[in-house]
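Enquirer: Need coordinates for the following:
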Amino acid sequence: MSAVFSAPPEQWNAPPALAFRAFSEADVLKVAAIEADVYVFPWSAGNFRDSLFSGYRCIGAWVDKELVSYAVVMTALDEAHLLNLAVAKDWQQRGVGALMLTHIIEELKAIPLEMIYLEVRPSNLAGRRLYERFGFKQLGMRPDYYPALAGREDALFLGLNIVPGLNIAPTKNT
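Expert: Sure thing, here's the model as predicted:
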């Protein structure tokens, strides 16, 4: 038996075509369901509603009508803080996280902002690799930041300069 593929072989592993838009209160239960599926200590639907009502940038990525990724970004003055970014399990390892992060960075450059900050667990190797690929640098560490199955886990505090020519120097603790 042979298989018939509609796309040429070089496109079999190509990232999907994503449609980006702000997610709304109507999407919160879908967002929270993905969150609960991918994180041991997930945000609640209430956390996402609070983010919407606080005016944070709440971005979703869809393939057709399926929500496959989301992010929550807080902006203030000339900086942004990426509070949450997740990709649905069935869509991981397909370039969706990189496409979402690219979209976020381009959107924030247009505001314009100078820096994007985020925290990531040291144990989140996929997240750390993604952020490193985009040029995020470790600026510090936040001890005991995250809940963990056995106590607490530190957070790596990362930053990315999105203004050409502006350099940042890492610090020991933030």
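
Enquirer: how close does residue 148 get to residue 124?
Expert: The gap separating residue 148 from residue 124 is 12 Å, by Cβ to Cβ, to the nearest Å. Using the backbone N, CA and C atoms, a C-beta is placed for each residue, glycine as well.

Enquirer: And the two? Which one has more around it.
Expert: More crowded of residue 148 and residue 124, by other Cβ atoms under 10 Å: residue 124, with 17 against 14.

Enquirer: how much space between that one and residue 31?
Expert: 19 Å.

Enquirer: Ok, residue 118 next?
Expert: 18 Å.

Enquirer: okay, those two: which has more neighbours?
Expert: Between residue 118 and residue 31, residue 31 has the larger neighbour count (other Cβ under 10 Å), namely 26 against 21.

Enquirer: So which bits of whichever strand or helix holds that one are buried?
Expert: Taking DSSP states H and E as the criterion, residue 31 maps to helix 28-38. Neighbour counts over helix 28-38 (16 or more other Cβ atoms under 10 Å) mark 28, 30-32, 34-35 as buried.

Enquirer: got the contact list for that helix?
Expert: 23, 42-45, 48-49, 52, 60, 67, 70, 84, 86-89 (Cβ atoms under 8 Å, 6 or more residues apart in numbering).

Enquirer: List the contacts of the nearest residue to residue 102 once chain neighbours are set aside.
Expert: Once flanking residues are discounted, residue 102 sits nearest to residue 134: 8.0 Å by Cβ to Cβ, 6 or more residues apart in numbering. Residues in contact with residue 134 (Cβ under 8 Å, 6+ apart) are 98, 101-102, 105, 160.
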